[in-house]
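*Asks:* Compute the structure for the input listed below.
(chains A and B)
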Protein chains: 2
Amino acid sequence: MSKNPIVEVINFGDELLVGIRDNSHLTYLGAQLSRCGLPILRSRVITDSASEIRKAFLDAWEHSDVVITTGGLGPTSDDMTRENVAEALGATLVFEPEIEASIKARFELIGRTMAEHHRKQCYRFADGEVLHNERGTAPGMAFQRDGKLLIMLPGPSHELKPMFEKQVIPWLKSLGMLCKEDAYLQIRTCGAGESAVEETMQPIIEAHPSLNLAFCVHYGIVDIRLSSRDNLLGMEQIEAIGQEARELLGEDFVCFGRCSLAKVVLHELRALDRSLAIAESCTGGLLCDSFTNLAGASKVFVGGVVCYSNDVKVSQVGVPESILEQHGAVSPECAIAMASGISEGLSSDYGLSVTGFAGPDGGDEKNPVGTIHLGYHSPVGVWCKSVRYTGGRLDVKARAVHAALDWMRRKLRENKVEEFLSCGERD
Amino acid sequence: MSKNPIVEVINFGDELLVGIRDNSHLTYLGAQLSRCGLPILRSRVITDSASEIRKAFLDAWEHSDVVITTGGLGPTSDDMTRENVAEALGATLVFEPEIEASIKARFELIGRTMAEHHRKQCYRFADGEVLHNERGTAPGMAFQRDGKLLIMLPGPSHELKPMFEKQVIPWLKSLGMLCKEDAYLQIRTCGAGESAVEETMQPIIEAHPSLNLAFCVHYGIVDIRLSSRDNLLGMEQIEAIGQEARELLGEDFVCFGRCSLAKVVLHELRALDRSLAIAESCTGGLLCDSFTNLAGASKVFVGGVVCYSNDVKVSQVGVPESILEQHGAVSPECAIAMASGISEGLSSDYGLSVTGFAGPDGGDEKNPVGTIHLGYHSPVGVWCKSVRYTGGRLDVKARAVHAALDWMRRKLRENKVEEFLSCGERD
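*Replies:* Numbers count the residues shown, from 1 in each chain, chains lettered A, B, ... in the order given. Below is the predicted model:
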């Protein structure tokens, strides 16, 4: 095996080509493998057709050192990876009674018998390994020839992931393939656009010609990935550059790694031992959801009200009817009343609120679709802020949630809350 | 151009290979193109390296009729698609003053001047077309040679999508490439696992040897895609088979197409002219979010309370303290009190509630992590239901939301609400 093995991933499955689902397997395998120093160089998605499977597999096998396939190992008629890869390799498949016993046991557990069409899953390469599937019927397979590795994984995520982490990673480790760790650092920023962030980083780019920068943008967040061209910079140097970057970025710096904005806010509130309540209208639950995705959220987040109708704004959040009459529900005044009202009503230290028009309908001359008003109630004062976004309903919701969280993060920092730097993980 | 042109997509970008983001471009282009009869046969993801870009592009250009690339057209140093594809093609790039003028105008709008590094974006193929970018600086490109087509799109989704829909689709149409529409039908089911659904479909599979079935599973939903092998079945025949499938699937049939469960429930409540309120604990806003993602939700959904703490369950949802003391917050009794309490408190006809342990902490012997209790309050009665899931916190939240929505859908149907069949779109 060469020193920098070429890793290629082939995802089999029509559903990835006809727009039914994102190729999250590639994302998962990319994260896993780049973390342990075996980055994926190439990847392809192939339709469920015997000739395409054979052609793509042979091409990958010729040009790469490690080939990982996903999908097409199931019992159904559109599952044809095993047979076609074996044919392309000229490898023999043999019936393996142990696989059959394990599938039978699985069905017995739920009081059923194994159907005939599962028999095709009971084959393995004559000179290969079986990867046990603890969550489903399709076993994985591992195979070595001429210093090349083939790893075949089942399609369902919840079957693929434990198989990869518990069996494939240890196997790759035992072959000595996971020794060198990639040197890279993620920096999360919010508040400036991609090209503005790159402009800010310009002095760093000029000072470090071996530095590689990659940018990734999503809903107002700009992530920067610092890495080294040709391994010329070590982790220590990249971390020192990361500190320079942090100073240049100023308040737009969110954290090292890729913590969610909600996690940063939650962390700072926990450090303060303070609680938070939320009142949200147009974001409709997404802001609360971003907090409750985090383990341990209940120590800070007491709850929230999705006050979609005006009646609920009055009855559950305590917005005065006079404000709704005079300024309307989409107004800075209402945002402030929501933030203070929810904080008082739910007895929390902080209150955060969002009201606006997410579209596609609604809006008026003063507040067109995409207009968002934010309210912030804290022990040291009450503020509001207005922003405006273009895009579809879901885009506006996501941008509004990021805007609310980023604003609260800045407000907490202004008020001298100890700065959050990293969640302790590089990613 | 052959009658069934081979379409290949190349996504450039390290971020897709190191686990930073899902390849949603492929999903989007796959949906767009399969809908108009030009399905993608192959796709690959390539690292940002000059030699890899050239190699992959040449291979695709040789073996395909239509090549679509995404990414690498920006102004930053990791953007190198334009130059390397031109080199591989042996095509000349020429400076296009119109592109420069449009980028300059973009910057003037926000009171800035165009930075020097944007100059590299001002080039086009000498004998190709420019695709105007209405949302960013990177123009796309279109190119024809020897009956083959090349389409190059920018990386950011919000730039790629309008360019594709407003310029690329009309161009492909003008070339006569989008005439034949694929015959296929999507069916959404919920309530049975993938292999049980396939077993139910067995009589149909046996009766129609030319039928192609593909299954796709996510959080309790199983989607079936019916299509034809080698175009042997027309759309009418596939639709007739879809009706047979619907009868076999019984209550597990959700709809034709891929409407969300929330959309089905919303539709049925609109038909009844009834309103809904939600009280959710462990799902933390995600259930409300699933409704508020839908345009027009405010006609049915009045609001919800994310009652994360017990205090909020009592004060905002009206759960009696005695129930919390006797049965705890994770109990069928509390779920029922939440459903009725929110319905009364927010004056809605229906109330839906979720309480449980999403993990990773919490839970006890009686209610381990993953236990979910659902409550349903309707004008004709009050019910509860309990389920249990394995998996991480986010998995349990997503499964619990689907369970609540699917259960409400069935309850509405039991109570003779007119059945929802389709949202009028095939996808």
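*Asks:* where does the stretch 51-200 of chain A dip in pLDDT?
*Replies:* A:77, A:110, A:179-182 (pLDDT under 70).
*Asks:* What residue in the stretch 101-250 of chain A comes nearest to chain B?
*Replies:* Here the stretch 101-250 of chain A gets closest to chain B at one residue, A:C216, 4.8 Å apart by CB to the nearest CB. Yep, even glycine has a C-beta here, placed from its N, CA and C like the rest.
*Asks:* Am I right that that residue is in contact with B:D14?
*Replies:* No - in terms of CB atoms under 8 Å, A:C216 does not count as a neighbour of B:D14; the distance is 9.3 Å.
*Asks:* Overlap of the contact sets of those two?
*Replies:* A:R225 (CB atoms under 8 Å, 6 or more residues apart in numbering or on different chains).
*Asks:* got the buried residues for the helix or strand harbouring A:V94?
*Replies:* Secondary-structure element containing A:V94, defined by DSSP states H and E: strand A:93-95. Along strand A:93-95, the positions that meet the burial threshold by neighbour count (16 or more other CB atoms under 10 Å in any protein chain shown) are A:L93.
*Asks:* That one pairs with which strands, and in what direction?
*Replies:* Sheet pairing of strand A:93-95 (DSSP bridges) gives strand A:123-125 (antiparallel).
*Asks:* Need the contact partners of the strand it pairs with.
*Replies:* Contacts for strand A:123-125 (CB under 8 Å, 6+ apart): A:82, A:86, A:91-96, A:99, A:130, A:139, A:141, A:143.
*Asks:* Over to stretch A:55-66?
*Replies:* Looking at what lies outside stretch A:55-66 - CB under 8 Å, 6+ apart - the contacts are A:1-2, A:5-8, A:10, A:38, A:41-42, A:44, A:46, A:67, A:69, A:84-85, A:88-89, A:147-151, A:177, B:42.
*Asks:* what's around the nearest residue to A:A50 once chain neighbours are set aside, how many residues?
*Replies:* Sequence neighbours aside, A:N84 is the residue nearest to A:A50 in space, at 5.2 Å (criterion: CB to CB, 6 or more residues apart in numbering or on different chains). Applying other CB atoms under 10 Å in any protein chain shown, we find 21 residues neighbouring A:N84.
*Asks:* and the helix or strand A:N84 falls within, what other elements does it pack with?
*Replies:* Taking DSSP H and E as the criterion, the element that holds A:N84 is helix A:81-89. Of the remaining helices and strands, those touching helix A:81-89 by 3 or more CB pairs under 8 Å, 6 or more residues apart in numbering or on different chains; DSSP states H and E are helix A:50-63, strand A:93-95, strand A:140-145, strand A:148-153.
*Asks:* what's the most buried one of these?
*Replies:* Highest mean neighbour count of these: strand A:148-153, a mean of 23 (counted as mean count of other CB atoms under 10 Å in any protein chain shown).
*Asks:* and that strand with helix A:50-63, angle?
*Replies:* When axes from the mean of the first three to the mean of the last three CA atoms, to 10 degrees is applied, the directions of strand A:148-153 and helix A:50-63 differ by 140 degrees.
*Asks:* Same question for the very next helix or strand once past strand A:148-153: list its buried residues.
*Replies:* Scanning forward in sequence from strand A:148-153 by DSSP H and E, the next helix or strand is helix A:157-163. With burial defined by 16+ other CB under 10 Å, the residues of helix A:157-163 counted as buried are A:157-161, A:163.
*Asks:* I'd like the contacts of strand A:123-125 laid out as JSON lines, including distance to A:A31.
*Replies:* Listed next are the contacts of strand A:123-125 as JSON lines, based on distance: CB to CB, whole Å:
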{"residue": "A:R82", "distance to A:A31": "26"}
{"residue": "A:A86", "distance to A:A31": "30"}
{"residue": "A:A91", "distance to A:A31": "30"}
{"residue": "A:T92", "distance to A:A31": "35"}
{"residue": "A:L93", "distance to A:A31": "32"}
{"residue": "A:V94", "distance to A:A31": "34"}
{"residue": "A:F95", "distance to A:A31": "36"}
{"residue": "A:E96", "distance to A:A31": "31"}
{"residue": "A:I99", "distance to A:A31": "29"}
{"residue": "A:V130", "distance to A:A31": "26"}
{"residue": "A:P139", "distance to A:A31": "24"}
{"residue": "A:M141", "distance to A:A31": "23"}
{"residue": "A:F143", "distance to A:A31": "24"}
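*Asks:* elements contacting the longest helix seen in chain A?
*Replies:* With residue count as the measure and DSSP state H as the assignment, chain A has helix A:393-414 as its longest helix. Using 3+ CB pairs under 8 Å, 6+ apart as the contact criterion, the elements in contact with helix A:393-414 are strand A:184-190, helix A:261-272, helix A:286-292, strand A:350-356, strand A:371-378, strand A:381-388.
*Asks:* The ones you listed into TSV, with extra columns for distance to chain B?
*Replies:* As requested, the helices and strands packed on helix A:393-414 are arranged in TSV below (distance: least, CB to the nearest CB, whole Å):
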stretch	distance to chain B
strand A:184-190	8
helix A:261-272	11
helix A:286-292	2
strand A:350-356	11
strand A:371-378	14
strand A:381-388	14
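*Asks:* CSV please, covering those and showing mean neighbour count and distance to B:A105.
*Replies:* CSV is the format used below for these (neighbours: other CB atoms under 10 Å in any protein chain shown; distance: least, CB to CB, whole Å):
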stretch, mean neighbour count, distance to B:A105
strand A:184-190, 23, 27
helix A:261-272, 21, 33
helix A:286-292, 28, 35
strand A:350-356, 29, 29
strand A:371-378, 25, 25
strand A:381-388, 15, 21
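*Asks:* Any idea which of those gets closest to B:K385?
*Replies:* When these are ranked by proximity to B:K385, the top entry is helix A:286-292, at 21.4 Å, counting by CB to CB.
*Asks:* Would you pull up how far that closest one lies from the middle of the chain?
*Replies:* Offset of helix A:286-292 from its chain centre (CA atoms, centre = their mean, to the nearest Å): 15 Å.
*Asks:* same deal with stretch A:219-239?
*Replies:* If you compare the mean C-alpha spot of stretch A:219-239 with that of the full chain, they lie 19 Å apart, counting by CA atoms, centre = their mean.
*Asks:* got the buried residues for that stretch?
*Replies:* For stretch A:219-239, a neighbour-count test (16+ other CB under 10 Å) marks A:219-228, A:233, A:237-238 as buried.
*Asks:* Check those and tell me the two furthest apart.
*Replies:* The largest distance within the buried residues of stretch A:219-239, taken as CB to CB, falls between A:Y219 and A:Q237 and amounts to 31.5 Å.
*Asks:* rewinding a little: inside helices: which ones of the buried residues of stretch A:219-239?
*Replies:* Counted as lying in helices by DSSP H, out of the buried residues of stretch A:219-239, are A:237-238.
*Asks:* out of the buried residues of stretch A:219-239, who's near chain B?
*Replies:* Near chain B, taking CB under 8 Å from any CB of the partner chain as the test, the members of the buried residues of stretch A:219-239 found are A:223, A:225.
*Asks:* where's the dip in pLDDT among the buried residues of stretch A:219-239?
*Replies:* pLDDT across the buried residues of stretch A:219-239 is at its lowest for A:S228, which sits at 83.
*Asks:* Quick check, that residue in contact with A:I238.
*Replies:* Yes - with the criterion set as CB under 8 Å, A:S228 and A:I238 qualify as a contacting pair; they are 6.6 Å apart.
*Asks:* which residues are common contacts for those two?
*Replies:* With contacts defined as CB under 8 Å, 6+ apart, the residues adjacent to both A:S228 and A:I238 are A:183-184, A:211.
*Asks:* can you tell me which of those residues lies nearest to A:T76?
*Replies:* The shortest approach to A:T76 among those belongs to A:Y184, at 39.8 Å (CB to CB).
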